[in-house]
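Undergrad: Predicted coordinates and the sequence they were generated for:
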Amino acid sequence: MAKKLTDQDIKHLEIIQDAIKRMAANSFQIKGWMLTIVSALLGFYANSGNTKFALVAILPVLVFWGLDAYYLQQERKIRGIYNDVVNPDKAEIKVMSFDMPMQNYTGGRYSFWNVVTSQTMLLLYLSITVILLAIYFLM
């Protein structure tokens with residue numbers, strides 16, 4: 001039988017939800033910045049015909065890929081905390097102190113490599129990288 005959530009539990013969940021929203025907003029902004037920078041570099045390529053702009057555009061894609069993966073990893077860890085607060089029988093979280101022990105969430109779906117190679121990350125960042133490489137080598 002599930003435990004009834006107290007007012008403190010609900011407040012803790014609200015704090016956790018706010019952190020999740022911030023991580024998701026950061027991830028969204030990172031994607032926007034990456035697309036803006038890559039588009040600008042492709043614009044320079046279109047004007048000059050110099051394919052090195054396409055090659056240079058790979059650098060921000062890789063940097064933002066790593067940064068986006070970091071924020072997604074943090075979001076996954078915070079979601080793990082949320083699940084543990086909702087299901088306190090399985091957790092070691094002290095709800096009274098509003099603990100957020102992110103160090104307890106390692107490996108598996110919480111690992112950086114797992115996040116970097118997730119389907120959504122690969123679909124966006126790898127496809128852009130392949131397109132930029134195609135422009136550089138085929139144009």
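TA: Yep, it's here. Numbering: from 1, shown residues only.

Undergrad: Helix or strand for the residue most central in space within the chain, just tell me which one.
TA: What sits nearest the mean C-alpha location of the chain, by Cα atoms, centre = their mean, is L72, with 2.4 Å. Following DSSP states H and E, one finds L72 within helix 58-86.

Undergrad: name the helices or strands packed onto that helix?
TA: On a contact count with 3 or more Cβ pairs under 8 Å, 6 or more residues apart in numbering; DSSP states H and E, helix 58-86 meets helix 7-48, helix 112-116, helix 119-121, helix 127-138. Every C-beta, even on glycine, is put in place using the N, C-alpha and C of the backbone.

Undergrad: Which one of those helices lies nearest to V85?
TA: Ranking the helices and strands packed on helix 58-86 by proximity to V85 (Cβ to Cβ) places helix 7-48 first, at 5.6 Å.

Undergrad: which regions of the protein lie under the pLDDT threshold?
TA: The chain contains residues with pLDDT under 70 at 1-3, 88-97.

Undergrad: let's see it at 50
TA: Low-confidence segments of the chain (pLDDT under 50): 1, 96.

Undergrad: distance of I135 from L124?
TA: Between I135 and L124 the distance is 17 Å, computed by Cβ to Cβ, to the nearest Å.

Undergrad: same question, R79
TA: Taking Cβ to Cβ, one finds R79 at 20 Å from L124.

Undergrad: The residue nearest to the centre of the chain and I20 touch, don't they?
TA: No: using Cβ atoms under 8 Å, L72 makes no contact with I20, being 11.0 Å away.

Undergrad: how near is the residue nearest to the centre of the chain to A40?
TA: Applying Cβ to Cβ to L72 and A40 gives a distance of 25 Å.

Undergrad: Right, I'll leave it there.
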